[in-house]
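Show me how the following folds:
(one chain, ligands or ions: 2)
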Amino acid sequence: MIIDVNSSQGTYQIILKRGSLNDIKKYCDFNRKVMIITDEGVPKKYLETVKSQCKLSNEVIVKQGESSKSIKTYEYCLKEMLNNNFNRNDLVIALGGGVVGDLAGFVASTYMRGIDFVNIPTTTLSQIDSSIGGKVAININDYKNSVGSFWQPKKVIIDLNVLDTLSERHYNEGLVEAIKHGLIRDPKSFELFEQGNIKDNIDEIIYRSLLVKKDVVEKDEKEMGLRKILNFGHTIGHAYESYYGLKDYYHGECVGMGMMKILKNEDIKERLKKILLKLNLPIENDASPDKVYEYALKDKKTNKNSITIVEVNEIGKAELKDISLEELKELII
Ligand SMILES: NC(=O)c1ccc[n+]([C@@H]2O[C@H](COP(=O)([O-])OP(=O)(O)OC[C@H]3O[C@@H](n4cnc5c(N)ncnc54)[C@H](O)[C@@H]3O)[C@@H](O)[C@H]2O)c1
Ligand SMILES: [Zn+2]
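Ligands and ions are numbered 1, 2, ... in the order given. I've put the predicted structure just below:
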C-alpha cells in the first residue's frame, strides 16, 4: 500500500507493507552515503538488514529513551557526519521509534541547511503518529520538543513485521494514538478496537490511522488550527507525564488517562474505558489533582484565564473549545 502525503516541501510516500524492511533499496536512492541513526533497544537485525542494502553507510546507535533527544546527542550525530564527509546530497535514515525519528529528523533538517531524510518507524506510536507530519525536535532540559523544525521525510517505510519484537506494553500504549485518531475523526477505526482481537485488526487499524493523520496534517501543516485536534487528551495527558516525571507511565498511557478525564459523554467514556482495559492500559491514576492542574497550566496552550482544549462529544467529531481555568480544574478533579 502506498499513501501519498502532500506538504509544502513536496509530496512524499508512505510505504505500508509487511516485509518492506527487506526491500528498502527499492524505495530509496542509495547511490550516496547513508547515515543510519538508531537506538540500543532496536534489535540489531533490523540495522543489519538496512545496512546490507546500502552501498556506503555509517551508523550512530544512541541510548534508548527520551534522554537521547538532547543537544549533546544531536551534536554527536552532526560531528559523526562531518567526520565521515557527508555532503548535502547524502541521506539520513531514522530506524527506531519516535525518539530516534525526532532526533534524526532534526539532524537531517539542519545538517548543511537540510539533507534528505527517510524515516523507518519501528514502534506502534511512531508508525501511527510521529513519522508523519514533519515535526522533528529535541529537548532542552525538561522542555520537551523546545528546539525543532518542520522537515518532511522523502519516504516513510512502515513494515508491520518489526512490531513483533516490541514489548507488549510499548505496543499497546502506542495504539492509544490510533484510538485517539478514531475518536477525533474515524468512528470505524474506533470500532475496530472494540471488535475481537486487536492484533488481528492491526493492519487496518494502522492504515486507517495513517489516513487520519495524513488528512489533518495536509489541511494544516503548521498547526495553525485544525491540527490542534491531534492534541485530544494531551493537555491533561502531558500534565500527568510532568507529574510522574516521565517515569511511571508512558506517553500513550498518559494520553489514554487524559482522554478519560476530558470526555464528558458517559457512553463514549465507557466505550473508551473498555478498550483501554482490553489493552491492559491504565484508566486512572493517583496523581494529586492540584499538582496536575498546575502542570496543565504550564502547557503552552494557556492564555491568561482560559485554555484551549479538544472536545469529542460524538465519535469522529472533534472541536476546539476555550474553557475557563475553573472548568479545567473541575475536569481534572
Ligand atoms: N514528531 C511527532 O510528531 C511526534 C508525535 C508523537 C510523539 N513524538 C515523540 O515520540 C517519542 C516517543 O516515541 P516512541 O513511543 O516510539 O518511543 P521510543 O522511540 O522511545 O521507543 C520505545 C522503545 O522501544 C524500543 N524499540 C523500538 N522499536 C523496537 C522494535 N521494533 N522492537 C523492540 N524494541 C523496539 C526502543 O529502543 C525504545 O526503548 C517521544 O519523544 C515523543 O515526543 C513525536
Ligand atoms: Zn501523543
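
who touches whichever strand or helix holds residue 253?
Under the assignment given by DSSP states H and E, the secondary-structure element containing residue 253 is helix 251-262. Contacts to helix 251-262, defined as C-beta atoms under 8 Å, 6 or more residues apart in numbering, come from residues 125, 172-177, 179-180, 183, 232-241, 244, 249, 269, 272-273, 276, 281-285, 309-311, 331-332. Where you see a C-beta, it was placed from the backbone N, CA and C, and this is true even at glycine.

Is residue 10 bridged to anything, and to what?
When bridges are taken as DSSP bridges, the partners of residue 10 come out as residue 7.

For burial, what's the neighbour tally of it?
Per other C-beta atoms under 10 Å, the neighbour tally for residue 10 reads 9.

next one: the one 3 residues further on
As a burial measure, the neighbour count of residue 13 was computed by other C-beta under 10 Å and equals 15.

what's it sitting at in phi/psi?
With angles defined as degrees, to the nearest 10, residue 13 shows backbone torsions of phi -110, psi 140.

if we can go back for a sec, report the mean per-residue pLDDT for the helix holding residue 253.
Averaged across helix 251-262, the pLDDT comes to 97.

And the residue lying closest to residue 265 once chain neighbours are set aside, how far from residue 263?
With C-beta to C-beta, 6 or more residues apart in numbering as the measure, residue 313 is the residue that lies nearest to residue 265, at 5.4 Å, once sequence neighbours are left out. Plainly put, residue 313 is 9 Å away from residue 263 if you go by C-beta to C-beta, to the nearest Å.

Then residue 170?
Computed as C-beta to C-beta, the residue 170 to residue 263 distance reads 24 Å.

In terms of neighbours, single out the busier of these two.
With other C-beta under 10 Å as the criterion, residue 170 and residue 263 differ in neighbour count, and residue 263 comes out ahead with 22 against 17.

Provide a list of residues in contact with the more buried one.
With contacts taken as C-beta under 8 Å, 6+ apart, residue 263 has the following neighbours: 269, 272, 312.

coming back round to it: next, the contact list for the residue nearest to residue 265, please.
Contacts for residue 313 (C-beta under 8 Å, 6+ apart) come out as 264-265, 268, 319.

Check residue 264 too.
Each residue near residue 264 by C-beta under 8 Å, 6+ apart is listed here: 311, 313.

How much space separates it from ligand 1?
Taking C-beta to the nearest ligand atom, to the nearest Å as the measure, residue 264 and ligand 1 are separated by 25 Å.

Run through the chain and note the low-pLDDT ranges.
299-303 (pLDDT under 70).

picking that back up, out of the contacts of residue 313, who's the most crowded?
residue 268 (17 neighbours).

pretty sure that one is in a helix, no?
Yes: note on residue 268: a helix contains this position according to DSSP: H, G, I helix; E, B strand; the rest coil.

Now it: closest residue in space, sequence neighbours ignored.
Among residues not flanking residue 268 along the chain, residue 315 sits closest, at 6.1 Å (C-beta to C-beta, 6+ apart).

Around ligand 1, which positions in this structure sit nearby?
If contact is defined as C-beta under 6 Å from any ligand atom, the residues of the chain in contact with ligand 1 are 39, 41-43, 64-66, 69, 96-100, 102, 122-123, 125-126, 129-130, 133, 135, 145, 162, 165-166, 170, 174, 251.

Among those, which are located in strands?
39, 96, 135, 145 (DSSP state E).

how near is the first one to residue 13?
Distance check for residue 39 against residue 13: by C-beta to C-beta, it reads 25 Å.

Outline the domain layout of this structure.
Taking automatic domain parsing as the domain assignment, the ranges for the chain are 2-165, 168-332.

contacting residues around residue 51?
With C-beta under 8 Å, 6+ apart as the criterion, the residues that contact residue 51 are 36, 57, 59.

Check residue 268 too.
By C-beta under 8 Å, 6+ apart, the contact set of residue 268 is 183, 312-315.

wait, residue 308 sits on residue 320?
Yes: shown here, residue 308 and residue 320 form a contact pair, counting by C-beta atoms under 8 Å, at 5.7 Å.

these two touch, right, residue 235 and residue 320?
No: here residue 235 lies out of contact with residue 320, judged by C-beta under 8 Å, at a distance of 11.4 Å.

So these two - more neighbours on which side?
For the pair residue 235 and residue 320, the greater number of neighbours falls to residue 235 (25 against 15), based on other C-beta under 10 Å.

contacting residues around the host helix or strand of that one?
The secondary structure element spanning residue 235 is helix 234-243 (assigned by DSSP H and E). The contact list for helix 234-243 (C-beta under 8 Å, 6+ apart) reads 142, 249, 251, 254-259, 261-262, 285, 287-288, 291-293, 295-296, 298-299, 301, 307, 309-310, 328, 331-332.

can I get the CA coordinates of that helix in CSV?
Taking Å, rounded to 0.1, in the frame of the first residue of the first chain, the C-alpha atoms of helix 234-243 are listed here in CSV:
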residue,chain,number,x,y,z
HIS,A,234,-2.9,15.6,25.6
THR,A,235,-3.5,18.7,27.8
ILE,A,236,-4.2,16.6,30.9
GLY,A,237,-2.0,13.7,29.5
HIS,A,238,1.1,16.0,29.3
ALA,A,239,0.3,17.1,32.9
TYR,A,240,0.4,13.5,34.0
GLU,A,241,3.7,13.0,32.2
SER,A,242,5.2,16.0,34.0
TYR,A,243,3.7,14.9,37.4
